[in-house]
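Q: The following block contains a protein sequence and its predicted model.
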Amino acid sequence: MTEIRNKKISIIGAVRSGIGAAKLAKQLGAVPFVSDSGSENKLKSSIEVLKTEGIDFEIEKHSDKVFNCDLMIVSPGVPSDSEVIKKAKARNLKIISELEFASSFCRGNIIGITGTNGKTTTTSLCGYLFNECGKKTYTAGNIGLAFSEVADKVKEREFVSLEISSFQLDLIENFKPKAAMILNITPDHLNRYENSIEKYAQSKLRIFKNQDEDDFLILNKDSDLLNQYFTKAKSRIFFFSTKKKVTNGCYLEKDEVRFIKNDAVEFSCNVSDINIKGEHNIQNAMAVIIAAKIFGLDNENILKALKSFKGVEHRLELVREIAGIRFINDSKATNVDSVVVALKSFDEPIFLILGGQDKGNDYSMIENLVLQKVKKIYAIGSSAEKVFNYFHRKVKTEIKKDFNEVVNASLSEARKGDVVLLSPACASFDMFDNYEHRGKVFKEIVNSK
């Protein structure tokens, strides 16, 4: 990135990424202007930060003032076909993502992690494991802190474990992670990609667009769509698989996870050593093990970290057990494929909470699992009718207006040994600020009973 001192920078979106970019721009001597079409009530906390930082902003609109800039930075929540972006393109303005902007000022090693599912767990585990192995590592991106909040703090020999969405990759130019992971590709966000799985997949593949032979690419050998759309990269490739042996990377041999490089096994552990359970988490752990071995981390410390990592909030998180009924918060399940993982994780009968802001969901993907495992569905949010219409002839389904109604109903209808599972398959923006807010509200209501 060239010198940005005194440059006018318009930032579209006033939530986590937008606020982070605005603060970094100001700190580096630029003149940021933040614009968001959201309501004052929804953006209350952001407005307080912007006022405290002395950053100019507007809300409830995108006025012509946003086009008076040298550079436009777009937050991941803003669709690339939105009116403000179309107008900016028509004026030939330079437009980049917050990811691209922040990466320009990061001197450390970026481990970029993308995929449809597992990003948050893998990013958290990667940051935790590297720190446990004595490597100072920041965890940022779509998880916790925006990349812009930490980018200029990461020193040369330090690391950042970075969760990256396809939206952030859509507007990159020079972004070049030292190591990139693509965990899997399954249908998601098709409403943002003209219902084209190919366009969505190509967006994910942009993570290695600028990598060269000095960089590393970690790929899931078992993801059919990833392998279908994968094109040859210049970086050095390592695969992970729970189904077949690989020559460079991680694979499963009975109950043993092995990392192999040039036909030599350099690390191994038992599946039982990985504290987070389920086949999906074995794959997530494999991806991190590969990254750890690429950067020469110590086997004993890798094993200790795998044994002690406790997982992440809002991902198959046990909230509480009431009268033998377990309440599980899986608010992070914002697509149908995540619900597949959640349903496979339980042998007990399930009361499933589905619904929110629909993203073009195909519920046939979970139909068989629902028939096998689910006693009843509670449909919530703006997609409640779609959920009801699809499932009510197949399994008991009832529309509820909020979590309070859901939890009260489940306490009277579920029995000892049952599971009440919030795994919505939808975005949260119809009723909540984000999936974290949704999960927090669910937990508060469960814990109040």
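A: Looks like it arrived, so ask away. No experiment lies behind these values; they were computed from the predicted model shown.

Q: per-residue confidence for Tyr229?
A: For Tyr229, the model assigns a pLDDT of 68.

Q: how about the helices in the stretch 301-449 of the chain?
A: 336-344, 364-373, 384-391, 403-413, 435-447 (DSSP state H, counting those that start in this stretch).

Q: winner for burial among the ones you listed?
A: By mean neighbour count, with neighbours taken as mean count of other Cβ atoms under 10 Å, helix 336-344 ranks first of these at a mean of 22. Heads up, the C-betas are built off the backbone N, CA and C, glycines and all.

Q: Give me the pLDDT value at Glu173.
A: pLDDT at Glu173 comes out at 91.

Q: Ok, Lys234 next?
A: In this prediction, Lys234 has a pLDDT value of 92.

Q: next one: the one 3 residues further on
A: At Ile237 the predicted local distance difference test score is 94.

Q: What of Ile380?
A: 97.

Q: Check Lys204 too.
A: 83.

Q: for Gly278, same thing?
A: Reading off the model, Gly278 has pLDDT 81.

Q: just Pro187 next, same as before
A: 65.

Q: same deal with Ile143?
A: Predicted confidence (pLDDT) for Ile143: 81.

Q: nearest to Cys106, of the helices of the stretch 301-449 of the chain?
A: For Cys106, the closest of the helices of the stretch 301-449 of the chain is helix 435-447, at 24.5 Å, according to Cβ to Cβ.

Q: still on that earlier bit, now render the helices of the stretch 301-449 of the chain as CSV, adding mean pLDDT and distance to Gly29.
A: Formatted as CSV, the helices of the stretch 301-449 of the chain follow (pLDDT from 0 to 100; distance: least, Cβ to Cβ, whole Å):
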stretch, mean pLDDT, distance to Gly29
helix 336-344, 90, 42
helix 364-373, 95, 49
helix 384-391, 97, 49
helix 403-413, 97, 46
helix 435-447, 95, 33
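
Q: Can you tell me which of the ones you listed is nearest to Asn275?
A: helix 336-344 (17.1 Å).

Q: Please name the residues that touch Glu313.
A: Residues near Glu313 by Cβ atoms under 8 Å, 6 or more residues apart in numbering: 329, 436, 439.

Q: Quick check: it vs Ile353, distance?
A: Counting by Cβ to Cβ, to the nearest Å, the gap from Glu313 to Ile353 is 17 Å.

Q: now the helices for the stretch 101-250 of the chain?
A: Counting by DSSP H, counting those that start in this stretch, the stretch 101-250 of the chain has these helices, from start to end: 119-132, 147-150, 166-170, 197-205, 224-229.

Q: Those: lowest mean pLDDT?
A: helix 224-229 (a mean of 76).

Q: List of residues touching that helix?
A: By Cβ under 8 Å, 6+ apart, helix 224-229 touches 182, 184-186, 197-198, 201-202, 204-205, 219-221.

Q: Out of these, who's the most crowded?
A: Ile185 (28 neighbours; other Cβ atoms under 10 Å).

Q: I figured that residue hits Tyr200, correct?
A: Yes: using Cβ atoms under 8 Å as the test, Ile185 is close enough to Tyr200 to be in contact (7.4 Å).

Q: If you tally nearby residues, what's the number for the closest residue to Asp255 other than its chain neighbours?
A: The shortest distance from Asp255 to any non-neighbouring residue, by Cβ to Cβ, 6 or more residues apart in numbering, is to Val271 (4.8 Å). Number of residues near Val271 (other Cβ under 10 Å) recorded here: 16.

Q: Also Ser268?
A: 16.

Q: Next one: Ile409 relative to Phe391, how far apart?
A: Quick fix: residue 409 is Ala, not Ile. 16 Å.

Q: cool, and Ile218?
A: For Ile218, the distance to Phe391 - Cβ to Cβ - is 37 Å.

Q: Identify the residues contacting stretch 240-256?
A: 218-222, 237-239, 257-263, 268-272, 279, 282-283, 286-287, 289-290.

Q: Buried subset of those residues, written for ChimeraX?
A: To isolate the buried subset of those in ChimeraX, counting by 16 or more other Cβ atoms under 10 Å, use the following:
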select :218,219,220,221,222,237,238,239,257,258,259,260,268,269,271,282,283,286,287,289,290
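
Q: Show me where the stretch 1-150 of the chain dips below the pLDDT cut-off.
A: Low-confidence segments of the stretch 1-150 of the chain (pLDDT under 70): 1-2.

Q: where do the strands sit along it?
A: 8-12, 31-36, 56-59, 71-74, 95-97, 109-114, 137-141 (DSSP state E, counting those that start in this stretch).

Q: Quick one, which of the ones you listed gets closest to Ala425.
A: Here strand 109-114 is closest among the strands of the stretch 1-150 of the chain (Cβ to Cβ), at 20.0 Å.

Q: Direction included, what does that closest one pair up with?
A: strand 159-163 (parallel), strand 179-182 (parallel) (DSSP bridges).

Q: possible to save those strands as TSV with distance to Asn142?
A: Below are the strands paired with strand 109-114 laid out as TSV (distance: least, Cβ to Cβ, whole Å):
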stretch	distance to Asn142
strand 159-163	4
strand 179-182	14
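
Q: Nearest to Lys376, out of the ones you listed?
A: strand 159-163 (33.3 Å).

Q: what mean pLDDT does that closest one have?
A: According to the model, strand 159-163 has a mean pLDDT of 97.

Q: Now do that strand: distance to the chain's middle.
A: 12 Å (Cα atoms, centre = their mean, to the nearest Å).

Q: residues making contact with that strand?
A: 106, 108-114, 119-120, 123-124, 126-127, 130, 135-143, 147, 150-151, 154, 177, 295.

Q: Show me just the buried residues among these.
A: Buried among the contacts of strand 159-163 by 16+ other Cβ under 10 Å: 106, 108-114, 119-120, 123-124, 126-127, 130, 135, 137-143, 147, 150-151, 154, 177, 295.

Q: Good, wrapping up.
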